[in-house]
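S.K.: Predicted model and sequence below, questions to follow.
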Amino acid sequence: MSVGHKIRAIRDLRGMTQKELGIKAGFSAATADVRIRQYESHKMIPKEDKLKEIAAALDVDVSALKDHDIYSDLDLMQILFELEENHGLVIEKESDRYVLSFDESHPLFRYTNYKLDSWYRAKSQLLSHSEDSGYDDKEYLLWKYRFPLDTMEIEKMNAAKVQEKYKPFVNSSFSIKKVNEFILMFEKLIRNGFDIQIASAPERSGIGTFVCCAIFKHSELLEATGESANAYTEYLSMVSYLEKSGIEIERETNSFDGETLLGIYFYNSVLSTALNHTVREIIAAYKAGTLDDKILQMQYKDSLQTFNVPIEK
């Protein structure tokens, strides 16, 4: 669908006239309807900055208005080839049908999976009460045109709730000197019941830098009390100290399975290596109920000794 067709389709869904849209997008009352009519009839194509203003006026993400050039089956095939090349798309045959999926080992799989989960959940929820489960449902169409804005609003709200709960108690005088102290911090969090995910991020790694991310579920953080809440506050104090010490830290939020996931990337090869190996092993052992086994404890002590080195930028 062309840019003009998309503008008209969303404008109709919103119940707006061309003049109303044009004025809201920044045109004068005298030219508003003319300019929108020119876009919708393909006589003019809006420049990027104007396209963003039209998207804001329609309350959708600007990506929903862009032309992705799929006009034939051959165009579709080229898109699929590109997805295979750059996003790990996999084609398989099951019985008499073809199944498309994404390779879990691909660097972008985690993000693709998050987006597919949001799509599946929205479609299931918005069309579940519809007598006609086709694609003409207004709420579902608007969700797709707005994507990822609705998801981002929920993520922002949940992240703010977590920050509101913990930020006042972050200890500005906290310090950490060695990598094994970093590992012990995660052991404390794990023993307090946090279901932490560790994700390596090769797509963010640069020359000489391996990057890993520690991910928490917002619901667990909001429900935490007592020692568990204290452990997470101490973790945030550690992150704050590392950041002030010159370690590059990046925060991100994502959504999966109804949860807002709060992640922190540590742009430090040694810290990320500790996360990717030792902390992953602690998580696996805790889930298996073997964290306190004698043999595993001996191996763990060896790892702590190996990482008994200063944290460097």
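M.R.: It's in. Numbering: from 1, shown residues only.
S.K.: Spit out the contact partners of L76.
M.R.: Neighbouring residues of L76 by CB atoms under 8 Å, 6 or more residues apart in numbering: I70. Using the backbone N, CA and C atoms, a C-beta is placed for each residue, glycine as well.
S.K.: Any figure for the gap between it and R97?
M.R.: 17 Å (CB to CB, to the nearest Å).
S.K.: go on, I295?
M.R.: 48 Å.
S.K.: And for A160?
M.R.: 44 Å.
S.K.: quick one, what contacts the closest residue in space to D293 that isn't next to it in sequence?
M.R.: Sequence neighbours aside, A285 is the residue nearest to D293 in space, at 7.6 Å (criterion: CB to CB, 6 or more residues apart in numbering). Going by CB under 8 Å, 6+ apart, A285 touches 291, 293, 296.
S.K.: which among these end up buried?
M.R.: 291, 296 (16 or more other CB atoms under 10 Å).
S.K.: How about I36, nearest residue that isn't a chain neighbour?
M.R.: According to CB to CB, 6+ apart, the nearest residue to I36 is Q18 (4.1 Å).
S.K.: try D257
M.R.: In space, D257 is closest to D117, 6.4 Å off (CB to CB, 6+ apart).
S.K.: quick one: contacts of the strand or helix carrying that neighbour?
M.R.: If you go by DSSP states H and E, D117 is part of helix 109-127. Residues external to helix 109-127 that are found in contact with it (CB under 8 Å, 6+ apart): 87-88, 102-103, 106, 133, 137, 139-140, 143-144, 147-148, 150-151, 199, 254-258, 261.
S.K.: let's go with 6 Å and repeat that
M.R.: 88, 102, 133, 137, 139-140, 143, 151, 199, 254-256 (CB atoms under 6 Å, 6 or more residues apart in numbering).
S.K.: okay if I get those residues as CSV plus pLDDT, secondary structure and distance to E281?
M.R.: As requested, the contacts of helix 109-127 are exported to CSV (pLDDT from 0 to 100; DSSP: H, G, I helix; E, B strand; the rest coil; distance: CB to CB, whole Å):
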residue, pLDDT, secondary structure, distance to E281
G88, 94, coil, 26
F102, 95, strand, 27
S133, 50, coil, 46
D137, 83, coil, 47
E139, 90, helix, 45
Y140, 92, helix, 43
W143, 95, helix, 40
T151, 94, helix, 33
A199, 92, strand, 15
N254, 96, strand, 24
S255, 96, strand, 28
F256, 96, strand, 23
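S.K.: before we move on, back to that, and A160 and R97? which has more neighbours close in?
M.R.: Neighbours around A160 and R97, counted as other CB atoms under 10 Å, are more numerous at A160. The numbers are 10 against 7.
S.K.: The more buried one and L262, how far apart?
M.R.: A160 is 11 Å from L262, by CB to CB.
S.K.: Likewise for G22?
M.R.: Taking CB to CB, one finds G22 at 40 Å from L262.
S.K.: Is S101 part of a helix or strand, or is it coil?
M.R.: strand (DSSP: H, G, I helix; E, B strand; the rest coil).
S.K.: If it is in a bridge, with which residues?
M.R.: Counting by DSSP bridges, S101 is bridged to V90.
S.K.: Tell me how far it lies from K156.
M.R.: 30 Å.
S.K.: mind listing what the most centrally placed residue in the chain touches?
M.R.: Closest residue to the average C-alpha location of the chain: N254 at 3.0 Å, with CA atoms, centre = their mean. For N254, the contact set (CB under 6 Å, 6+ apart) comprises 114, 261.
S.K.: Low-confidence stretches in the stretch 201-313 of the chain?
M.R.: Along the stretch 201-313 of the chain, segments meeting pLDDT under 70 span 202-203, 205-208.
S.K.: residue boundaries of the helices in it?
M.R.: With helices called from DSSP state H, counting those that start in this stretch, the stretch 201-313 of the chain shows them at 218-223, 226-244, 269-274, 280-288, 294-306.
S.K.: contacting residues for the closest residue to L189 other than its chain neighbours?
M.R.: Closest residue in space to L189, ignoring its immediate chain neighbours: A231 at 5.3 Å, by CB to CB, 6+ apart. Residues in contact with A231, defined by CB under 6 Å, 6+ apart, are 188-189, 192.
S.K.: picking that back up, more neighbours: which of G22 and L262?
M.R.: G22 (25 against 20).
S.K.: ok, and the more buried one, which helix or strand is that part of?
M.R.: Applying DSSP H and E, one finds G22 within helix 18-24.
S.K.: what element comes up after that helix heading to the C-terminus?
M.R.: Assigned by DSSP H and E, the successor of helix 18-24 is helix 32-40.
S.K.: On the C-terminal side of that next one, identify the next helix or strand.
M.R.: Where DSSP H and E defines the elements, the next helix or strand beyond helix 32-40 is helix 48-58.
S.K.: Beyond that following helix, next helix or strand please.
M.R.: helix 73-87.
S.K.: Thanks a lot, see you next time.
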